[in-house]
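Asks: Pasted the sequence and its predicted model underneath.
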Amino acid sequence: MSELPAGARAVVVTASNRAAAGVYEDRSGQTLANGLRELGFTVDGPHVREDDVGMLVEVLREAVASGADVVLTTGGTGLSPTDVTPEATRGVLEREAPGIAEAVRRYGAENGVPTSVLSRGLAGTAGRTLIVNLPGSTGGVRDALTVLGPLLPHVVSQLRGGDHR
């Protein structure tokens, strides 16, 4: 497994109307930020936002403009009428990487969470930044980090212009 390139930066965004309103604490965003730190990233966030396309597009574009290597979102990927994270993300992505999102869904399904296939999360790049939508549960975040952990060093290297090894 390759090492994470020096100075790798990640931004965490939580999409949740209730967490944004202070109804409950954002546990999935904290779990995600802590997991990324364990992988060696410097982490900005979690930035908690309402499930609102315009608000999410704005925070995603700001994260890309900041030069983040990776932007991971948690929440807003389900079938509820208020779940709009994929729609916001689609408005920011330049190139999709569907295999990443499929791997996250598949891992959940194969490990006892049949509802993981209901996630509409996307993955792809905007400029030199990878953006991936993750489920809004702490278990879904942990599962996703299991999938992403081995991939992120190579992805960050590639997006920074590294060669294939």
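Replies: Perfect, I can see it now.
Asks: Going by C-alpha atoms from here, please, whenever you check contacts or count neighbours.
Replies: Noted.
Asks: What is the neighbour count of Thr146?
Replies: Neighbourhood size, Thr146 [other CA atoms under 10 Å]: 14.
Asks: Next one: it from Thr89, what distance?
Replies: In this view, Thr146 and Thr89 are 22 Å apart by CA to CA, to the nearest Å.
Asks: now the lowest-mean-pLDDT helix or strand in the chain, how far from the chain's geometric center?
Replies: Lowest mean confidence among the helices and strands of the chain (mean pLDDT, DSSP states H and E): helix 17-20, at a mean of 94. Between the centre of helix 17-20 and the centre of its host chain there is 18 Å, according to CA atoms, centre = their mean, to the nearest Å.
Asks: same check, this time on stretch 56-71
Replies: Distance of stretch 56-71 from its chain centroid, counting by CA atoms, centre = their mean, is 11 Å.
Asks: now do stretch 5-13
Replies: Worked out by CA atoms, centre = their mean, stretch 5-13 lies 12 Å from the chain centre.
Asks: pLDDT on it, on average?
Replies: The average of the pLDDT scores along stretch 5-13 is 97.
Asks: and the end-to-end length of it?
Replies: Between the opening and closing residues of stretch 5-13 there is a gap of 22 Å (CA to CA).
Asks: for stretch 20-36, same thing?
Replies: Taking CA to CA, stretch 20-36 runs 22 Å from one end to the other.
Asks: Right, I'll call it a day here.
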